[in-house]
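*Asks:* Need the 3D shape of this:
(chains A and B, ligands or ions: 2)
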Amino acid sequence: MDKKYILVKDTRRAGSNQTEHFAGLLAAKIQASPAAEAVQVVRAADIGFYDQGLVLKFLPGGPVYLNVSEADLDRVVRETVVGGRVLEDLAAAGTARQLRVVLRNCGVINPENLEEYIRRDGYRALSRALFEYTPDKVIEEFKKSGLRGRGGAGYPTWLKWHLTRSVPGAEKYVICNADEGDPGAYMDRSILEGDPHSVLEGMIIAGYAIGANHGYFYIRAEYPLAIERIGKAIEQARERGLLGTGILGSDFNFEVDIRLGAGAFVCGEETALIASIEGKRGTPRPRPPYPSVSGLWGKPTSINNVETFANVPVVMTRGGDWFAGIGTEKSKGTKVFAVTGKVKNSGLVEVPMGVTLRQIVFDIGGGVRSGKKIKAVQTGGPSGGVIPEDRLDTPVDYENLQKLGSIMGSGGMIVMDEDDCMVDIAKFYLGFCVEESCGKCAPCRIGTYQLLKILERISEGEGRSEDLDRLRLIAQAMQKASLCGLGQTASNPVLSTLNYFETEYREHIQAKRCRSFKCRDLLTYSIIQSKCKRCRQCFLNCPVQAISGDREVGFYIQLDKCIKCGKCFEVCKFNAIARE
Amino acid sequence: MKEGNDYHQELSGLLAKWKDKPGNLIMILHEIQNHYGFVPRQLSLQLSALLDVPLARIYEVLTFYNYFKLEAPGKHKISVCMGTACYLNGAPEILRELKSILGVEEGHTTKNGLFQLEVVRCLGCCGLAPVIMIDGKVYDKVKKNDIIDIISKFTRSKEPE
Ligand SMILES: Cc1cc2nc3c(=O)[nH]c(=O)nc-3n(C[C@H](O)[C@H](O)[C@H](O)COP(=O)(O)O)c2cc1C
Ligand code: FES
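*Replies:* Ligands and ions are numbered 1, 2, ... in the order given. Take a look at the predicted model:
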């Protein structure tokens, strides 16, 4: 069903382009192999690598090979196309550094085919848990593994399960948080679409460990394919006796349902999510009581993230000790990041905890696309913060990111270069939080709005000298007094930008200057007469006729009419428009 | 517009699957919106009677969640991604251009009912930023100057102004 593709491109800058030739050769070799039907060769227009000889990219999710020679092609077909093995000598450095635990099956199996999942050890973890482990022993194994929640806060998974298990009661629930609210991240979506059974298997094991007989997937309505795939996976599992009563002949029963989100960021917060599943407005409530004590319908409930669940079968099959061998002292295993923004090779990466941000952005991501200087990396979405260039050598784990004023978050990682204004970035995230604040508690509802107002006036050149202190004051109040994680963390983008880039803020306020030329109101345009060839392009393109003059006397911008749209700057071929 | 009775028939169909499930309201509203493209007031009124919940409870939920629409959608739905990756790669420019070409603000439909302009957060194609989606089809790495061409594909061979 889901075909695999190999993108081919000859990326040599000099010499004749041989893409066509190589693609033909490769296609012929594949045609003659057992993989003939399953793989399609596609000539790529742009493959994200430059001057690296012949580049092959295996999609979805496979390795990238650089500088492939004609002689390598047989090997590539035999080992990688047919055998599914990576040839380390050809693989781009970045792909070699990655470690696929969570994404082990993504792009490798057909996600709609249960047999393929089973062939790759699928549901072995479940059968092992059911027949070789007591629930307490399962929890013990996870304690050994050191697995922590991948949804943001990094709470130890075993402890959450243990607490939920310890609360008396026959009716308990497991929920999979697939609301993925961070705008600019799509790790969970890729897992749900690429390997739905691994998440389902993880959830069933969690149910067994906790003593729950019912699970819910809470998935964003904006992810129709993910919803469809999970739905199919549930049906297939039911037919196979992997769900329902007496799973695999044991005496454990488990049923699963899907509920859809409806476009509210706050519903990623666990108590709001529970309210939403109950069919209500998704507003959070104070904790304690924690969901482990009183969750869905007032019953003990354990909520875990998609990626957390996808780790579960691996921990069960390979053992807690194996898992604990990957990563840093306090953060075990791997983490999937969606590296986007100004990076050259944008995409999903999975790395062991402890790899540095610089390695992710430069070795794997290929650095900044424009070739400009990197300014910062943002993690954690609207609840996270920016990390400046000089801290990029920090190894990534939960504690380190927090120390830097950001958070691990769910795995969004956004690369920013010199063209990105830090005041503007803070404004962007705050704008998001203002819209998404549920309005229940005042510190968040009013605080986010006031922060945004101040940021707006700073970016419009109306900033006042006392504004920076005021930003800090409001931010602190929100951290301390907000009801849920949304308000408690909404000020992180402001605080972190302010912390590392205070000079930029001061420039906006005092010098009325935006060094990244992002804050329109602070820009002035003028024509450099010595460079002007009087071609009239600016004159013709100005949407508000703010440019006057003629070919004889030259052209001038009337500042009182100029709306600072930047059109003249764009159309001038002679760099004769100055922007300050 | 349909009469109340026509809705009634269809509504019972949509309800069948969910009627006895706990916490069903949101899922029922999803079914309705999937079917009609929005949640008509008529239907909310009937739903209120059928489920025996106050209309205010239904609207409380409808207005809380961005996903639910109370107005009929335009013929072509344009979604502009304003997720972080798209924002950094020029989405605000694209949105400004679309607004000025279509003459509507986000969240609204053009007077001729042809285009509905929506802002969404992350279409999950961040590597291709900035992206817009028209009727489910993704246009990636969009440039400001491409917009007019893209739009005109939908206006051409259409009914006279
Ligand atoms: C405002 C807000 C939004 C959140 N959004 C998400 C989300 O989209 N996905 C997610 O898994 N967790 C999200 N969380 C974290 C969850 O509340 C919860 O901690 C997590 O799902 C627990 O799973 P884990 O222990 O496996 O990480 C969010 C938290 C807050 C405060
Ligand atoms: S930010 Fe636009 S697709 Fe992700």
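*Asks:* wait, isn't A:Glu456 in contact with A:Leu430?
*Replies:* No - using Cβ atoms under 8 Å, A:Glu456 is not in contact with A:Leu430, being 9.0 Å away. (Glycine included, C-beta is placed from N, CA and C.)
*Asks:* Neighbour count: the two, which is higher?
*Replies:* A:Leu430 (25 against 17; other Cβ atoms under 10 Å in any protein chain shown).
*Asks:* so where does that one fall, helix or strand?
*Replies:* Assigned by DSSP states H and E, A:Leu430 falls within helix A:422-436.
*Asks:* May I have that helix as CSV, with CA atoms only?
*Replies:* Taking Å, rounded to 0.1, in the frame of the first residue of the first chain, the C-alpha atoms of helix A:422-436 are listed here in CSV:
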residue,chain,number,x,y,z
MET,A,422,13.8,38.3,19.5
VAL,A,423,11.1,40.8,20.5
ASP,A,424,9.1,39.6,17.5
ILE,A,425,9.5,35.9,18.5
ALA,A,426,8.4,36.7,22.1
LYS,A,427,5.4,38.5,20.6
PHE,A,428,4.6,35.6,18.4
TYR,A,429,4.4,33.1,21.2
LEU,A,430,2.6,35.4,23.5
GLY,A,431,0.0,36.1,20.8
PHE,A,432,-0.5,32.3,20.7
CYS,A,433,-1.0,32.1,24.5
VAL,A,434,-3.4,35.0,24.6
GLU,A,435,-5.6,33.2,22.1
GLU,A,436,-5.2,29.9,23.8
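*Asks:* chain center to the helix or strand just after that helix, what's the gap?
*Replies:* Once helix A:422-436 ends, the next helix or strand along the chain (criterion: DSSP H and E) is helix A:442-459. Put simply, helix A:442-459 sits 26 Å off its chain's centre (Cα atoms, centre = their mean, to the nearest Å).
*Asks:* From the contact counts, what lies against helix A:442-459?
*Replies:* Applying 3 or more Cβ pairs under 8 Å, 6 or more residues apart in numbering or on different chains; DSSP states H and E, one finds that helix A:442-459 contacts helix A:422-436, helix A:467-481, helix A:485-489.
*Asks:* ok, that helix near ligand 1 or not?
*Replies:* No - on the criterion Cβ under 6 Å from any ligand atom, helix A:442-459 is out of touch with ligand 1, staying 9.8 Å away.
*Asks:* returning to what we had before: would the helix holding A:Leu430 count as contacting chain B?
*Replies:* Yes - using Cβ under 8 Å from any Cβ of the partner chain, helix A:422-436 reaches chain B at A:428, A:432.
*Asks:* ok, and the helix or strand in chain B with the lowest average confidence?
*Replies:* Using mean pLDDT, DSSP states H and E, helix B:4-15 stands out as the lowest-scoring helix or strand of chain B, at a mean of 72.
*Asks:* how about the strands of chain B, start to end?
*Replies:* Shown for chain B, the strands assigned by DSSP state E span residues B:76-81, B:108-109, B:115-120, B:132-134, B:137-139.
*Asks:* which SS class is A:Ser410?
*Replies:* Secondary structure, DSSP: H, G, I helix; E, B strand; the rest coil: A:Ser410 is coil.
*Asks:* Spatially nearest residue to A:Gly62 (excluding sequence neighbours)?
*Replies:* Closest residue in space to A:Gly62, ignoring its immediate chain neighbours: A:Gly107 at 5.9 Å, by Cβ to Cβ, 6 or more residues apart in numbering or on different chains.
*Asks:* Which parts of the helix holding A:Leu430 count as buried, going by neighbours?
*Replies:* A:422-434, A:436 (16 or more other Cβ atoms under 10 Å in any protein chain shown).
*Asks:* Can you give me the neighbour number for whatever residue of chain B ends up closest to ligand 2?
*Replies:* Nearest to ligand 2, among the residues of chain B, is B:Gly83, at 2.4 Å (Cβ to the nearest ligand atom). Per other Cβ under 10 Å, the neighbour tally for B:Gly83 reads 28.
*Asks:* Kindly report the same for B:Ala56.
*Replies:* Close neighbours of B:Ala56, defined as other Cβ under 10 Å, add up to 9.
*Asks:* and if you look at A:Val368?
*Replies:* Other residues close to A:Val368 by other Cβ under 10 Å number 21.
*Asks:* Quickly list the domain ranges of chain A.
*Replies:* Here the domain assignment for chain A is A:4-82, A:114-324, A:334-417, A:422-511, A:523-579, based on automatic domain parsing.
*Asks:* Pull the contacting residues for the closest residue to A:Gln450 other than its chain neighbours.
*Replies:* Taking Cβ to Cβ, 6+ apart, and ignoring the residues beside it in sequence, A:Gln450 has A:Ile474 as its nearest neighbour in space, at 5.6 Å. The contact partners of A:Ile474, by Cβ atoms under 8 Å, 6 or more residues apart in numbering or on different chains, come to A:447, A:450-451, A:454, A:491.
*Asks:* returning to that earlier point: of the helices and strands packed on helix A:442-459, which is nearest B:Leu62?
*Replies:* helix A:422-436 (16.9 Å; Cβ to Cβ).
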